[in-house]
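K.L.:
got a predicted model here, sequence first, then my questions.
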Amino acid sequence: MCGRFTFVSDQTTLTETFPKFNFSGYHHVPRYNIAPSQPIPVVANTGAFEVEYFHWGLIPHWAKDHKISSKMINARSETLAEKPSFRTAYRHQRCLILTDGFYEWKRNEDGSKSPMYIQTVSRAPFAFAGLWESWAPPRGNPIRSCTIITTSANTFMSQIHHRMPVILDTKDFDQWLVPEEKPADQLQGLLKPYEPENLVGHPVSLYVNSPKNDSSDCTLPI
């Protein structure tokens, strides 16, 4: 699964890496320990390529309340087309979640877990594949929410965990973000493990375990 990530790259780097995306309405603050239920940077398939804040934890449009979102931070790529919680969004409402690194906890022989920080070799920003929904509560404004899609771990990540987030290649952004409905069989090929040679990682301290901690200390190697 993917339960924490970072988004700390400066505005210049972001616009150079994602030249097609509109950051004009997005107030960027470096975040070193993004956790579920928090607002996260998303580009939805509306055709506008705007970077906006969505709630992390999908709330299906049919949900009775928002509490279900805590169980919806990730969605398995293998079952998106069948699961009632995800199948409609998979066809109609896809998105990218912007990031520049993520955390995964490696299980040790003694049963303890050690956090690892994972980035691409270039240390450049990248994007997870995701799904989004708009949920109308009984009172108040609609809530836009999202989930991060996961797949089986590649050979690099399998040393840490058996699952990993789907990292989309930039050449696949347009296909994933097309506003029209897409058949599941045309999308599944995009949801593959990222090339293992393009990932690097290092252990970090238990400081990152608490989502209250959000500083560069979270990413420091130990």
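P.N.:
Everything's here; your move.
K.L.:
list the contacts of the helix or strand of the chain with the lowest mean pLDDT.
P.N.:
Every helix and strand in the chain was compared by mean pLDDT, DSSP states H and E; the lowest is helix 184-187, with a mean of 88. Helix 184-187 is touched from outside by Leu80, Ala81, Tyr90, Arg91, Arg94, Trp176, with contacts defined as C-beta atoms under 8 Å, 6 or more residues apart in numbering. (Glycine included, C-beta is placed from N, CA and C.)
K.L.:
same deal with stretch 77-85?
P.N.:
58, 60, 68, 72, 75-76, 86-87, 90, 129, 131, 149-151, 166, 184, 188, 191.
K.L.:
can you rerun that using 10 Å?
P.N.:
Applying C-beta atoms under 10 Å, 6 or more residues apart in numbering, the contact partners of stretch 77-85 are 58-60, 62-63, 68, 71-72, 75-76, 86-87, 89-91, 94, 129, 131, 133, 147, 149-152, 163, 165-166, 183-185, 187-188, 190-193.
K.L.:
just the ones of those residues in helices?
P.N.:
Among the contacts of stretch 77-85, DSSP state H puts Arg87, Ala89, Tyr90, Arg91, Ala184, Asp185, Leu187 in helices.
K.L.:
and the fourth one, how many neighbours?
P.N.:
If you count neighbours by other C-beta atoms under 10 Å, Arg91 ends up with 17.
K.L.:
hang on, it packs against Val178?
P.N.:
No. Arg91 is beyond contact range of Val178, at 11.3 Å (criterion: C-beta atoms under 10 Å).
K.L.:
ok, back up a step: are any of the ones in helices among the contacts of stretch 77-85 buried, and which?
P.N.:
With neighbours counted by 16 or more other C-beta atoms under 10 Å, these contain buried members at Ala89, Tyr90, Arg91, Leu187.
K.L.:
can I get the residues you listed in JSON lines with distance to Pro115?
P.N.:
Formatted as JSON lines, these follow (distance: C-beta to C-beta, whole Å):
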{"residue": "Ala89", "distance to Pro115": "30"}
{"residue": "Tyr90", "distance to Pro115": "30"}
{"residue": "Arg91", "distance to Pro115": "35"}
{"residue": "Leu187", "distance to Pro115": "31"}
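K.L.:
which one of those sits closest to Thr120?
P.N.:
Distance to Thr120, by C-beta to C-beta, is smallest for Leu187 among those, at 22.5 Å.
K.L.:
in this protein, what residue spans correspond to strands?
P.N.:
With strands called from DSSP state E, the chain shows them at 4-7, 31-34, 39-44, 51-56, 74-76, 94-99, 101-107, 113-120, 126-135, 143-152, 163-165, 199-203.
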